[in-house]
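Peer 1: task: produce atomic coordinates for the following.
(one chain, ligands or ions: 1)
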Amino acid sequence: MVALSLAASGHFPYAKEKASLFSIANILALTLCRSEATLRILFYLVVKTIGKPFVPLRIKTSTTSFLQSLGGIHSSCGVSSISWLLFSLVLTIKNKNKTSTEIIVVAFVILLLLFLSSLAAFPLVRHLHHNVFERTHRFAGWTALILLWLFILLSISYDPNSQSYHFTISKMIKNQESWFTLAITILIVLPWLTVRKVAVRVSTASSHATIIKFEGGVEAGLFGRISPSPLSEWHAFGIISDGKKEHMMLAGAVGDFTRSLVSTKPNHLWVRKLHFAGLTYLVKLYKRVLLVATGSGICVFLSFLLQKRQHHVDVYLIWVAKDIETNFGKEIVELVRNYPKEKVIVHDTGVCGRPNVGEMSVEGATTWNCEVVIVTSNPQGSKDVVRACKKAKIPAFGPIWDS
Ligand SMILES: Cc1cc2nc3c(=O)[nH]c(=O)nc-3n(C[C@H](O)[C@H](O)[C@H](O)COP(=O)(O)OP(=O)(O)OC[C@H]3O[C@@H](n4cnc5c(N)ncnc54)[C@H](O)[C@@H]3O)c2cc1C
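Peer 2: Sure thing, here's the model as predicted:
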């Protein structure tokens, strides 16, 4: 926004001349922030480099904090790309003789699509009508990308003197916008190349939750996406695995898809073979970590309990949930029971009532001398824990969204 203000006030002539490039650069940045392949590599490199015991805690928590903000950077780049494109359009319309009507129309439709995509991502829409958000974001995004290629082809081919189009490959190679758009296209296509229909075994842990099993072990801290119909909806879940032969997901019955799993028990589901790294993956940065989960948030942490010998981090757990065995089933409960008892607090609200989860987390982190607290809960639960820990000067992180 600073660069845009400088460009608009005439103090940044390069940006003024290349406003559409700045808009495309923002689209590239927002795509990178959501590119599961890129982030998987980035998270892996972060853990391999600063995950060493001698690296100061401050560096690790600052990096975690930055990586947790990628969603915010994604949204900000969305707003920036719209602003730059709007600026570019205003400048183009002012100098109409240097461009063509087709170019203006295509740029305007891209602007509308970006705007629509951003509106659909507003928390209220995203929370209440998740499928509307997901489909609008996907199809508006894809259409905008196709039109962006058209915009680039028209812009580099247009000759204002003859008012006609002359396309040459050499013009395209020299054009920065083309390279940025190629990178965006690769990042968007990549995850779709890993989509497969695989056999699954679905069992009901209770009327509130389903367990879905897949072949193949998966390392701790990763998430997977599953879908009954790949073009319209994808659902992300934490992966539970001992890292050997199989992995599973626990899906709380909260939406149409997760409820339908309980009744239909499908034999096959679409998956993305490339699993993605979330905040939980960064548990591996630390020496001693307190994991706090309420309800089905436990799934994202169970692999750390199962793979305790495969990583150096010493993990402690607080799990707050209601009527645990009835709601989560024996299989999940056993996974927690098999972990050393002195490192776990399980609080059944059906028996002990609703606790002060923030206070519990501070007490747990202090008693166990943990460097950091990572929480997966409902948005309020995550805020309660993070606030209480920050007040007690204990670094704490908790994602609000699960995808
Ligand atoms: C990153 C991430 C990954 C996720 N992955 C999955 C997944 O793989 N599978 C899945 O099904 N869901 C997942 N979720 C969803 C999420 O864990 C649950 O929707 C959320 O925790 C609500 O869980 P719940 O409905 O079971 O119960 P909750 O609403 O969490 O309640 C469980 C118990 O905890 C108590 N409780 C809740 N909040 C508080 C509080 N603030 N103070 C005191 N007690 C409290 C309640 O009284 C209740 O008895 C994920 C969420 C995130 C953020």
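
Peer 1: quick one, what contacts the residue of the chain found nearest the ligand?
Peer 2: Proximity of the chain to the ligand (C-beta to the nearest ligand atom) peaks at residue 295, 2.0 Å away. Backbone N, C-alpha and C define where each C-beta goes, glycine included. Neighbour list for residue 295: 252, 320-322, 377-378 [criterion: C-beta atoms under 8 Å, 6 or more residues apart in numbering].

Peer 1: tell me the most packed of the residues you listed, by neighbour count.
Peer 2: Neighbour counts for the contacts of residue 295, by other C-beta atoms under 10 Å, peak at residue 320, which reaches 24 neighbours.

Peer 1: what about that residue, which SS state?
Peer 2: Three-state call for residue 320 (DSSP: H, G, I helix; E, B strand; the rest coil): strand.

Peer 1: just checking, it touches residue 352?
Peer 2: No. Using C-beta atoms under 8 Å, residue 320 is not in contact with residue 352; the gap is 9.2 Å.

Peer 1: picking that back up, can you give me the pLDDT of the residue of the chain closest to the ligand?
Peer 2: Per-residue pLDDT puts residue 295 at 93.

Peer 1: circling back to that earlier point, restrict the contacts of residue 295 to those near the ligand?
Peer 2: Near the ligand, judged by C-beta under 6 Å from any ligand atom, the entries from these are 252, 320-322, 377-378.

Peer 1: so residue 366 makes contact with residue 388?
Peer 2: No. Contact criterion C-beta under 8 Å: residue 366 and residue 388 do not qualify, at 11.4 Å.

Peer 1: more neighbours: which of these two?
Peer 2: Ranked by neighbour count (other C-beta under 10 Å), residue 366 and residue 388 place residue 388 first, with 21 against 13.

Peer 1: show the contacting residues for the more buried one.
Peer 2: 358-359, 361-362.

Peer 1: among these, which ones are buried?
Peer 2: 358, 361-362 (16 or more other C-beta atoms under 10 Å).

Peer 1: closest to residue 392 out of those?
Peer 2: residue 362 (4.5 Å; C-beta to C-beta).

Peer 1: doesn't residue 394 make contact with that closest one?
Peer 2: Yes. Counting by C-beta under 8 Å, residue 362 touches residue 394, with 6.5 Å between them.

Peer 1: okay, the contacts of residue 295 in a markdown table with pLDDT next?
Peer 2: What follows is the contacts of residue 295, written out as a markdown table (pLDDT from 0 to 100):
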| residue | pLDDT |
| --- | --- |
| 252 | 84 |
| 320 | 97 |
| 321 | 94 |
| 322 | 93 |
| 377 | 94 |
| 378 | 92 |
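
Peer 1: greatest separation within those: which pair is it?
Peer 2: 252 and 320 (14.3 Å).

Peer 1: residue 313: which of the ones next to the ligand among the contacts of residue 295 is nearest?
Peer 2: Nearest member of these to residue 313, counting by C-beta to C-beta, is residue 377, at 20.6 Å.

Peer 1: for the closest one, which non-adjacent residue is spatially closest?
Peer 2: residue 294 (4.1 Å; C-beta to C-beta, 6 or more residues apart in numbering).

Peer 1: now swap in residue 151 and tell me
Peer 2: residue 106 (4.7 Å).

Peer 1: residues in contact with residue 10?
Peer 2: residue 16.

Peer 1: now do it, the pLDDT please.
Peer 2: For residue 10, the predicted pLDDT is 86.

Peer 1: same deal with the one 4 residues further on?
Peer 2: Residue 14 carries a pLDDT score of 87 in this model.

Peer 1: contact residues of the stretch 201-350 of the chain facing the ligand?
Peer 2: Within reach of the ligand by C-beta under 6 Å from any ligand atom, the stretch 201-350 of the chain has these residues: 237-238, 249-252, 278, 294-297, 299-300, 320-322, 349.

Peer 1: with distance to residue 288 added, can I get the ones next to the ligand among the contacts of residue 295 in TSV?
Peer 2: Below are these laid out as TSV (distance: C-beta to C-beta, whole Å):
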residue	distance to residue 288
252	29
320	20
321	23
322	28
377	21
378	26
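
Peer 1: average pLDDT for the strand or helix carrying residue 83, rounded please.
Peer 2: Taking DSSP states H and E as the definition, residue 83 sits inside helix 70-94. The predicted model gives helix 70-94 an average pLDDT of 94.
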